[in-house]
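Below is the structure, and that's it, no one-letter string:
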Ligand code: GLN
């Protein structure tokens, strides 16, 4: 614990340190995400307060219930701190996380961080019972990807800067906008870690650039 504060952090040899990935742990599927990233070699931290964002190389916003997460975020300036973080640091948002990260939320309209240039419709496939597992093509190398959809939202519009890496019935399910990665399914619930690996690559590249520019 105390050793964390003793490091002359983020200079010189920073790139040889393991990546520190925060997992937003207000509600929802954060434990499974933390396990998945830990087994990919990253150091993971559960994040429950705005102050805890400072030490991170990247943040995961898990699935769960976006309305509930929003309630927690709207306390103590966490929402504003997270919006600031997402404007410049890597974020991987899954399902409810992608709802929170989007510029526009529909069905019903809901406040969001506005970082990802997309419109997201909540619960677009019906009730809980409509949850499903599909194996669909993706731009990520390695062939089709198993996707677990749980009361999934649907991305109905993406901006020009957004790259679509997979679709379901023509609607994007996995998208990237520079340092932001978002999906409408639950990659932490399958054994395939390609989406997590892609996020770690984004985080690694981002940290490399940040180190060069300071
Ligand atoms: N239906 C949830 C919401 O609207 C998202 C579901 C999920 O994250 N699996 O927030």
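On my side now, so go ahead. This is a predicted model, so every value here is computed, not measured. Numbers count the residues shown, from 1 in each chain.

Where do the helices of the protein begin and end?
Here the chain has its helices, by DSSP state H, at 3-6, 30-39, 66-73, 78-88, 96-101, 194-212.

Spell out which parts of this protein neighbour the ligand.
Residues of the chain lying close to the ligand (C-beta under 6 Å from any ligand atom) are 63, 64, 65, 66, 95, 96, 99, 122, 123, 150, 151, 153. For glycine as for every other residue, the C-beta is placed from the backbone atoms N, C-alpha and C.

Now, those residues that are in strands?
Within these, no residue falls in strands by DSSP state E.

By neighbours, which of the residues you listed wins?
Within these, most neighbours by other C-beta atoms under 10 Å means residue 63, with 32 neighbours.

separation between the closest residue to that residue other than its chain neighbours and residue 69?
Closest residue to residue 63 apart from its sequence neighbours, by C-beta to C-beta, 6 or more residues apart in numbering: residue 95 at 3.2 Å. Going from residue 95 to residue 69 by C-beta to C-beta, to the nearest Å gives 11 Å.

for residue 183, same thing?
According to C-beta to C-beta, residue 183 stands 16 Å off from residue 69.

neighbour-wise, which of those two wins?
Per other C-beta under 10 Å, whichever of residue 183 and residue 69 has more neighbours is residue 183, with 27 against 22.

Next up, the contacts around the closest residue to that one other than its chain neighbours.
Distance criterion C-beta to C-beta, 6+ apart; nearest residue to residue 183, sequence neighbours excluded, is residue 174 at 4.4 Å. Contact partners of residue 174, counting by C-beta atoms under 8 Å, 6 or more residues apart in numbering, are 138, 140, 145, 164, 165, 166, 181, 182, 183, 184, 185, 195.

surely the second one meets residue 198?
Yes - using C-beta atoms under 8 Å, residue 140 and residue 198 qualify as a contacting pair, with a distance of 6.1 Å.

So between those two, which is more surrounded?
residue 198 (20 against 17).

The closest residue to residue 72 other than its chain neighbours: how many residues sit nearby?
Leaving aside its sequence neighbours, residue 72 sits nearest to residue 26 (C-beta to C-beta, 6+ apart; 4.2 Å). By the measure other C-beta under 10 Å, the count of residues near residue 26 is 20.

pLDDT value on residue 26, please?
We note a pLDDT of 96 for residue 26 in this prediction.

And it, how far from residue 130?
Distance of residue 26 to residue 130, computed by C-beta to C-beta: 25 Å.

now swap in residue 85 and tell me
Counting by C-beta to C-beta, the gap from residue 85 to residue 130 is 33 Å.

Which one's more surrounded, these two?
The neighbour count for residue 85 versus residue 130, taken as other C-beta under 10 Å, is higher for residue 85 (21 against 13).

got a list of what the residue nearest to that one when sequence neighbours are not counted touches?
Leaving out its chain neighbours, the residue that sits closest to residue 85 by C-beta to C-beta, 6+ apart is residue 53, at 4.9 Å. Taking C-beta under 8 Å, 6+ apart, we find residue 53 in contact with 22, 47, 59, 81, 82, 85.
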